[in-house]
Structures are given as structure tokens and as C-alpha cells.
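*Asks:* Next one to model:
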Amino acid sequence: MKKNNISTILLVVLPLIFLSLFLRGNLIPTNTQSDFQQKVNQQKEAIATIQVGDTLKGEIVGIMDGDTYDLLTNEKKTYRIRMEGIDAPERGMPYNKVAKDYLSELCIQKNVTAVVVSKDIYNRLVAYTFLDDGRELSHEMLKAGFAWHYKYYNSDKEMAQLENKARKEKKGLWADENPIAPWEARKMRREQNQNNK
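*Replies:* A predicted model of the protein is given here:
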């Protein structure tokens, strides 16, 4: 009878002990990182070696939105690239999906050359990006009316003219009477978050 009680106790109690240890993290080695954290660290290390003026060649393997993509270089390193001089609609904004889809049509799984102009606060490279046929992606997004010229960070007159032309022709997001620029949407979101605290 005693053996049955001990067996029952072991069958019930031991799994509970292991579950408790697992939930507290004691069974997971503390020195291992998640795959996500490892990728973030690899990205930071890779970006640290890139300088303004460097050229990266590779294939666009992912589109985040209308002004950001992932580039897999010929050296098999992946970089998150923010396109120079433009700001496209953000998630939740009108034209976000259309802008993202248009950028995807232009460049997904195509070879490009990215010329690095800076690094941003989100640990992304900021670059002009050229397709093999010579077209530059930021310019193409402005021509199609799926991005604003980001004048706060870029004073390129040609880019300003491309935005103005798309506005006059009511292309893309300019078909709306008063589209809200992404930086204005971000500002409103920050203010709303401050007011909710």
C-alpha cells in the first residue's frame, strides 16, 4: 500500500515541481537568447561596420511598408533599409497597404544597389536605392503618389518637384482631399498617448 501512495505522490508532485521551475525560467539556460534577440544583435553588429557612402548590393527580400525594406546582400547579411527622403503611410493609415504593395511590385526579389546616406535612431540604414535599370526607389514612390517628400530630413529639389507633380495630378494618396502626413499622424498618436496617461 505504501508503494502505491509513493508512486501516486511522485506521479502528481514531480510534474508540478517541474512545471513550477519551468514557468519561473529555472529550467531554461539564462545565457541563451531568443532567435529574435540574436537577429537584433547581428543586425546591430552588421550596421556598425557600415559607413555613410558605402554601397550595398543585393536582393530585396522583404517589404515592411512603403519606405522600408530588408536587403539580403551578396555577402548573405540582411539589413533593414529606410529609403532616403520619403515618408510613406504607416500601418493603420489610408494608403499604407497600397504603398507597401506598390513598393513590392517595384523591387521584391530584385537586385538593387543601396547607397548609404545615414543611420537612423531605429538602427536602420538610410539609403538611396537603385534598381538595375537605374530607377531610384524613393523617386518612384514619389512619382506614383505613395509617399511624401520628407523635407525635414531631405532638401532634394527634384524630390520636392516629384511630390508636387503627383499632388497636382492627384496620383495615389493625393486623390484624397487632405491626406495626413505620417509625421503628423505620429505626432497626434504621441499626444493622444500623453493625454491617456
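
*Asks:* Run through the helices of this protein in chain order.
*Replies:* Remark: helices assigned in the chain by DSSP state H are 2-23, 35-48, 96-107, 137-144, 157-168, 182-196.

*Asks:* and I86, what does it touch?
*Replies:* I86 makes contacts with 66-67, 138, 141-142, 147-150, 154, 159, as judged by Cβ atoms under 8 Å, 6 or more residues apart in numbering. To be clear about C-beta, it is placed using only N, CA and C from the backbone, and glycine gets the same treatment.

*Asks:* again, 7 Å this time
*Replies:* By Cβ atoms under 7 Å, 6 or more residues apart in numbering, I86 lies in contact with 67, 138, 141-142, 147-150.

*Asks:* can I get the helices of the chain in CSV with distance to P89 and mean pLDDT?
*Replies:* Supplementary listing: these in CSV, determined by distance: least, Cβ to Cβ, whole Å; pLDDT from 0 to 100:
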stretch, distance to P89, mean pLDDT
helix 2-23, 41, 56
helix 35-48, 25, 76
helix 96-107, 4, 98
helix 137-144, 11, 98
helix 157-168, 14, 98
helix 182-196, 6, 88
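
*Asks:* Looking at these, spot the one closest to R82.
*Replies:* Of all these, helix 137-144 sits nearest to R82, with 10.0 Å by Cβ to Cβ.

*Asks:* what packs against the longest strand anywhere in the chain?
*Replies:* Longest strand in the chain, counting residues (DSSP state E): strand 55-65. Counting contacts by 3 or more Cβ pairs under 7 Å, 6 or more residues apart in numbering; DSSP states H and E, strand 55-65 packs against strand 68-73, helix 96-107, strand 111-119.

*Asks:* Show me how far the last one is from its chain's centre.
*Replies:* Think strand 111-119. Strand 111-119 sits 15 Å away from the centroid of its parent chain (Cα atoms, centre = their mean, to the nearest Å).

*Asks:* For that strand, list every residue counted as buried.
*Replies:* For strand 111-119, the neighbour count (16 or more other Cβ atoms under 10 Å) marks 112-117, 119 as buried.

*Asks:* Closest one to Q37 out of these, please.
*Replies:* When these are ranked by distance to Q37 (Cβ to Cβ), K119 comes first, at 20.2 Å.

*Asks:* right, and the closest one touches E84 too?
*Replies:* No: counting by Cβ atoms under 7 Å, K119 stays clear of E84, with 11.7 Å between them.

*Asks:* what's the overlap in contacts for these two?
*Replies:* V126.

*Asks:* in the chain, which residue is closest to the centre?
*Replies:* With distances taken as Cα atoms, centre = their mean, M64 lies nearest the centre of the chain, 4.6 Å away.

*Asks:* Retrieve the pLDDT associated with M1.
*Replies:* M1 is assigned a predicted lDDT (pLDDT) of 51.

*Asks:* start the count at 59, not 1, going forward
*Replies:* Sounds good: first residue 59 from here, last item M59.

*Asks:* any idea what sits nearest L195, other than its immediate chain neighbours?
*Replies:* Take L195 and drop its neighbours on the chain: the residue closest to it by Cβ to Cβ, 6 or more residues apart in numbering is T187, 4.3 Å away.
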